[in-house]
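Chemist: pasting a predicted model and its sequence here:
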Amino acid sequence: MFKSKVLQNAAIRILVPPMMGLLFYGSWAFWVNSDHGQMAAFKAACTQGGYSFTITLVLALLIEWLFKILKPVKFRFFWVGIVSCSLLYATSWGVNALTGTPNILLTILPGATVSTVYTIVYIATLKKLELNQA
């Protein structure tokens with residue numbers, strides 16, 4: 001049996017990480033853009049914080065959905081990760097470019113790194129849950 005009851009609860013698994021992302025990455029974006037003035041830093045914080053919440057929520061829902069529909073596909077773990085991370089990187093860069101974030105790479109680098117690890121751990125968790133249900 002999978003040890004953590006918290007991770008077995010889909011609502012918690014899906015909603016808590018986006019809230020954490022909002023707070024952490026909004027703060028990070030404010031800090032790395034603070035040399036460009038308070039308004040630019042605040043705009044970057046709202047952009048990255050809001051984006052982090054949204055993309056983490058969408059990412060979790062996408063991972064859950066892909067994991068289910070790709071069950072018969074070989075290398076499912078790999079394909080779910082590639083599709084999810086590609087969406088993450090492309091939209092993160094695009095949203096920040098559209099809003100005029102001055103230091104896009106520095107703004108998205110921590111989020112992209114952590115989100116890649118998050119994606120791998122999330123998929124592994126779903127695999128463990130699936131194995132325990134069998």
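Modeler: Received, thanks.
Chemist: quick check: C85 vs L15, distance?
Modeler: Separation of C85 from L15 (CB to CB, to the nearest Å) stands at 21 Å. Just so you know, the C-beta spots here come from the backbone N, C-alpha and C atoms, and that holds for glycine as well.
Chemist: comparing the two, which shows the higher neighbour count?
Modeler: Of the pair C85 and L15, C85 is the one with more neighbours under other CB atoms under 10 Å, namely 17 against 14.
Chemist: what sits up against stretch 99-119?
Modeler: With contact meaning CB atoms under 8 Å, 6 or more residues apart in numbering, stretch 99-119 is reached by 17, 21, 25, 28-29, 32-33, 36, 40, 43-44, 47-48, 52, 55-56, 59, 63, 81, 84-85, 88-89, 92-93, 96-97.
Chemist: which residues in this structure form strands?
Modeler: With DSSP state E as the criterion, the chain has no strands.
Chemist: count the neighbours of T91 for me.
Modeler: 16.
Chemist: check contacts around the residue positioned nearest the centre of the chain.
Modeler: Nearest residue to the geometric centre of the chain (CA atoms, centre = their mean): T56, 3.5 Å. Listed by CB under 8 Å, 6+ apart, the contact set of T56 reads 17-18, 21, 115, 118.
Chemist: let's have those in TSV, adding distance to A124, neighbour count and pLDDT.
Modeler: What follows is the contacts of T56, written out as TSV (distance: CB to CB, whole Å; neighbours: other CB atoms under 10 Å; pLDDT from 0 to 100):
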residue	distance to A124	neighbour count	pLDDT
P17	15	20	90
P18	19	17	92
G21	19	25	88
S115	15	24	87
Y118	11	20	91
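Chemist: of those, just say which sits nearest to K74.
Modeler: Set against K74, the nearest of the contacts of T56 by CB to CB is Y118 (23.9 Å).
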